[in-house]
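**Student:** For reference, the sequence and a predicted model appear below.
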Amino acid sequence: VSSPRAIDWRRPAAALERLRDAPLEGAIRVDTPDLRLLAQWIEGLHHVAGRATADVTVAGTVASPRWTGAVEATGLVVRIEGDVPSIDRGRARLVLDGRRVTVERLEGRLGFAPFHATGALLLPEDGPPELDLHVTGENLLVVRSRDVRLRADVDVTIRGPLDALRVGGAARITDALVSAPMDLMGGSTPVSDAAFQLFSLRDEPLASVRFDVRVTADHTIRVANNVIVGDFAVDVALRGTGAVPEPEGRVDFRDVQVQLPLTRLRVESGSLLFAPGAPFDPQVRATAFTRLKGYDLDVQLTGAVAEMRVHVASSPPLAQEDALLLLATGAAPADVARDGVTRIAVTSAGTLLGEAVLAWFTGPEDPDDESFLDRVTVEVGRDRSATGAATIEAEVELRPRWFLKLERDRWDHYDAGVLWRVRFR
């Protein structure tokens, strides 16, 4: 640092003002074997490790220095707060030229899968840094949270200020598991209560990221929660934010199980169509099947989610109102006529309690496989014996069409047998 005129340090304010405009010239070489201190200086950075070397020169003035040179890092391990997976085995080469940092090379692993990135980081005088990156990779672990695990082949750009990033490009989902529980009673969501939300990433930094990405998946998304178990295919243009995504396109599914309070539906095929301008009210078309109280029920779902139409065809035949009642309450018309509403309510509560106890004994299920509980149905109090005891019926699906049945019947006898059930279409 040099000054053409002498600096009078007896007048500190004037001296500092003159020093700010003083020419600056120099060279710096740094070799840092441990980058852990960066986590204390950079907000949102949970952990960082690795080695870095820098060989830069500086010119300009003290108030406005201009840096040029290069920074290289090896053995990088970076963990960011939130749902973004950690990076390991990272390598980087950055070229400094004033307020522009060119990312000549940035590579590493996300979930043991390699990625590559190039681009730039701009450092404006006012405002947050701005990013402009192009990222590619195969089978990258993109999201890992309590409720979502997602891997994908990606070819995306990441642009914008660090506090308002935009992601564009394409992603092909290779493997995903979504286990977020669903509240059938209408719990709170980031959108209105009447709206349907495909998913939500509530934690930063992904919650505030804006997306414009085409997302595809060939039945590689598995949903396994308290209501739905099955695989889904996707072809959507994903917009909006991570917290409130706005899809446009379609989601297809087949052989999906839907667990309702008193019955289990097997959805044979279906789709959700997200029309342009209606990301929270998709059109539904699905065909499902279940068996209740000796009736085979074919269920057709059509229309918008907010105003879905349900048609139930039964064998043996029932009136549409009676078939809907059976599907919703598990009570056949003969049950209502014979037992009344109060006893049916008690019977339904017994069925729910029986399944809850069985779930407690079997423990948490593996979301990647059909659990034992998925193949079991329990019904308590369908009938009452001469001594006043409630009947108990339990069925275990051994394989398609074959069932093991255990029961305490209306004569207080305990029976067991194997059923072969054939369904004519």
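**Tutor:** Everything's here; your move. Just so we're clear, the structure is a prediction, and the values are computed from it rather than from any experiment. Numbers count the residues shown, from 1 in each chain.

**Student:** For residue 151, give me the pLDDT.
**Tutor:** Note for residue 151: predicted pLDDT of 94.

**Student:** Figure out the helix or strand that it lives in.
**Tutor:** Under DSSP states H and E, the secondary-structure element containing residue 151 is strand 148-161.

**Student:** Return the set of buried residues in that strand.
**Tutor:** For strand 148-161, the neighbour count (16 or more other CB atoms under 10 Å) marks 148-154, 156-160 as buried. (C-beta placed from N, C-alpha, C; glycine too.)

**Student:** What strands flank that strand, and is each parallel or antiparallel?
**Tutor:** strand 130-144 (antiparallel), strand 166-178 (antiparallel) (DSSP bridges).

**Student:** what residues are up against residue 129?
**Tutor:** Neighbouring residues of residue 129 by CB atoms under 8 Å, 6 or more residues apart in numbering: 121-123, 161-162.

**Student:** Show residues contacting stretch 297-317.
**Tutor:** 194-196, 265, 270, 281-291, 294-296, 320, 323-324, 326-327, 424.

**Student:** Please repeat the previous calculation with a cut-off of 6 Å.
**Tutor:** The list of residues contacting stretch 297-317 from outside it, by CB atoms under 6 Å, 6 or more residues apart in numbering, reads 194, 196, 281-286, 288-290, 295-296, 323-324, 327.

**Student:** In PDB, could you pull the C-alpha coordinates for it?
**Tutor:** What follows is stretch 297-317 as a C-alpha-only set of coordinates in PDB (Å, rounded to 0.1, in the frame of the first residue of the first chain):
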ATOM      1  CA  LEU A 297     -67.000 -53.600  -5.000                       C
ATOM      2  CA  ASP A 298     -65.700 -52.000  -8.300                       C
ATOM      3  CA  VAL A 299     -65.000 -48.300  -7.600                       C
ATOM      4  CA  GLN A 300     -64.700 -45.700 -10.300                       C
ATOM      5  CA  LEU A 301     -63.300 -42.300  -9.400                       C
ATOM      6  CA  THR A 302     -63.500 -39.400 -11.900                       C
ATOM      7  CA  GLY A 303     -63.500 -35.600 -11.900                       C
ATOM      8  CA  ALA A 304     -61.500 -32.900 -10.100                       C
ATOM      9  CA  VAL A 305     -60.200 -33.700  -6.600                       C
ATOM     10  CA  ALA A 306     -62.300 -31.000  -5.000                       C
ATOM     11  CA  GLU A 307     -65.500 -32.400  -6.600                       C
ATOM     12  CA  MET A 308     -64.600 -36.100  -7.200                       C
ATOM     13  CA  ARG A 309     -67.400 -38.400  -8.400                       C
ATOM     14  CA  VAL A 310     -67.500 -41.900  -7.000                       C
ATOM     15  CA  HIS A 311     -69.400 -44.700  -8.600                       C
ATOM     16  CA  VAL A 312     -69.600 -48.100  -7.000                       C
ATOM     17  CA  ALA A 313     -70.700 -51.300  -8.700                       C
ATOM     18  CA  SER A 314     -71.300 -54.400  -6.500                       C
ATOM     19  CA  SER A 315     -71.600 -58.100  -6.900                       C
ATOM     20  CA  PRO A 316     -74.100 -59.300  -5.700                       C
ATOM     21  CA  PRO A 317     -75.900 -56.100  -6.900                       C
END
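
**Student:** My read is that residue 149 contacts residue 177, right?
**Tutor:** Yes: here residue 149 reaches residue 177: they are 4.7 Å apart, a contact under CB atoms under 6 Å.

**Student:** pull the helix or strand with minimum mean pLDDT from this structure.
**Tutor:** helix 333-362 (a mean of 49; mean pLDDT, DSSP states H and E).

**Student:** Surely residue 267 and residue 287 touch.
**Tutor:** No: using CB under 6 Å, residue 267 is not in contact with residue 287; the gap is 7.1 Å.

**Student:** Between those two, which has more neighbouring residues?
**Tutor:** Regarding residue 267 and residue 287, a neighbour count based on other CB atoms under 10 Å identifies residue 267 as having more, with 20 against 15.

**Student:** any idea how far residue 257 lies from residue 179?
**Tutor:** Relative to residue 179, residue 257 is positioned 14 Å away (criterion: CB to CB, to the nearest Å).

**Student:** wait, residue 407
**Tutor:** 34 Å.

**Student:** ditto for residue 71
**Tutor:** For residue 71, the distance to residue 179 equals 41 Å [CB to CB].

**Student:** Report the distance from stretch 151-166 to the chain centre.
**Tutor:** Averaging C-alpha positions (CA atoms, centre = their mean, to the nearest Å) puts stretch 151-166 17 Å from its chain's average.

**Student:** Give me the contacts around that stretch.
**Tutor:** 128-142, 167-175, 209-210.

**Student:** now the helices: where do they sit in this protein?
**Tutor:** Assigned helices in the chain, in chain order: 12-20, 38-41, 320-329, 333-362 (criterion: DSSP state H).

**Student:** any idea of the mean pLDDT for the first one?
**Tutor:** In other words, helix 12-20. The model assigns helix 12-20 a mean pLDDT of 66.

**Student:** Begin at 25, not 1, for the rest of this chat.
**Tutor:** Understood, numbering begins at 25; the last thing we discussed is helix 36-44.

**Student:** Geometrically speaking, which residue is the centre of the protein?
**Tutor:** residue 172 (3.8 Å; CA atoms, centre = their mean).

**Student:** neighbours of the closest residue to that residue other than its chain neighbours, just the number please.
**Tutor:** Closest residue to residue 172 apart from its sequence neighbours, by CB to CB, 6 or more residues apart in numbering: residue 202 at 5.5 Å. The local packing of residue 202 (other CB under 10 Å) involves 19 other residues.

**Student:** what's the answer for residue 331, then?
**Tutor:** Using other CB under 10 Å, residue 331 has 8 neighbouring residues.

**Student:** if I look at it, how far off is residue 308?
**Tutor:** For residue 331, the distance to residue 308 (CB to CB) stands at 10 Å.

**Student:** and if you look at residue 276?
**Tutor:** Distance from residue 276 to residue 308, counting by CB to CB: 12 Å.

**Student:** Please, where are all the strands along the stretch 75-224 of the chain?
**Tutor:** Using DSSP state E, counting those that start in this stretch, the strands of the stretch 75-224 of the chain run over residues 89-104, 111-121, 124-134, 137-146, 154-168, 172-185, 190-202.
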